[in-house]
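> could you work out the structure for the sequence below:
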Amino acid sequence: MRVLLAEDDLASRLVIQKYLSRYGECDIAVDGLEALDAFLKAIKDEQPYDLVCLDIMMPKLDGMKALKAIRDIEKQKGITEEERVKIIMITALNDEKTVMEAYDLGCQGYAWKPVDLKKLEQVLRCLGLIE
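Residues are numbered from 1 along each chain as shown. Now for the predicted structure:
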């Protein structure tokens, strides 16, 4: 599994990266623009990510805008719904409006900080990324 983790908080990034690295290669981005650059490079190199984890509150470009941009890029490139990257939003925000907006924009999962790794594992299983 190829994973892109976009998280600006060092402590969260280290914990999540260590966990996700069990399942495959885990690239890191510290802001939304870096995440988009990595996503585009992966497509260009024909090595797309299987999973993108986006922190909602990041500098330069927040996770919601990065999510929308990723889905727009996929649409422009003719990537089918079945082939789209799985996206999990990571946030300290726990309000229904933000959650619903993220799902409307195309995320498939949500993880609240501090990230519960057992719940994250359940989400990965539900998305068919791990057995």
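
> would you confirm that L54 contacts A69?
No: using C-beta atoms under 8 Å, L54 is not in contact with A69, being 10.4 Å away. Bear in mind the C-beta positions are built from the backbone N, C-alpha and C, glycine included.

> those two: who's more crowded?
Remark: of L54 and A69, L54 carries more neighbours, 27 against 18, as counted by other C-beta atoms under 10 Å.

> other SSEs contacting the helix or strand hosting that one?
If you go by DSSP states H and E, L54 is part of strand 51-55. With contacts defined as 3 or more C-beta pairs under 8 Å, 6 or more residues apart in numbering; DSSP states H and E, the secondary structure elements packing on strand 51-55 are strand 2-6, helix 10-20, helix 32-44, helix 63-76, strand 86-91.

> quick one, which of those is nearest to D50?
Of all the helices and strands packed on strand 51-55, strand 2-6 sits nearest to D50, with 5.3 Å by C-beta to C-beta.

> now the angle from the closest one to helix 63-76?
Compare the direction of strand 2-6 with that of helix 63-76 by axes from the mean of the first three to the mean of the last three C-alpha atoms, to 10 degrees and you get 140 degrees.

> kind regards, and thank you for your time.
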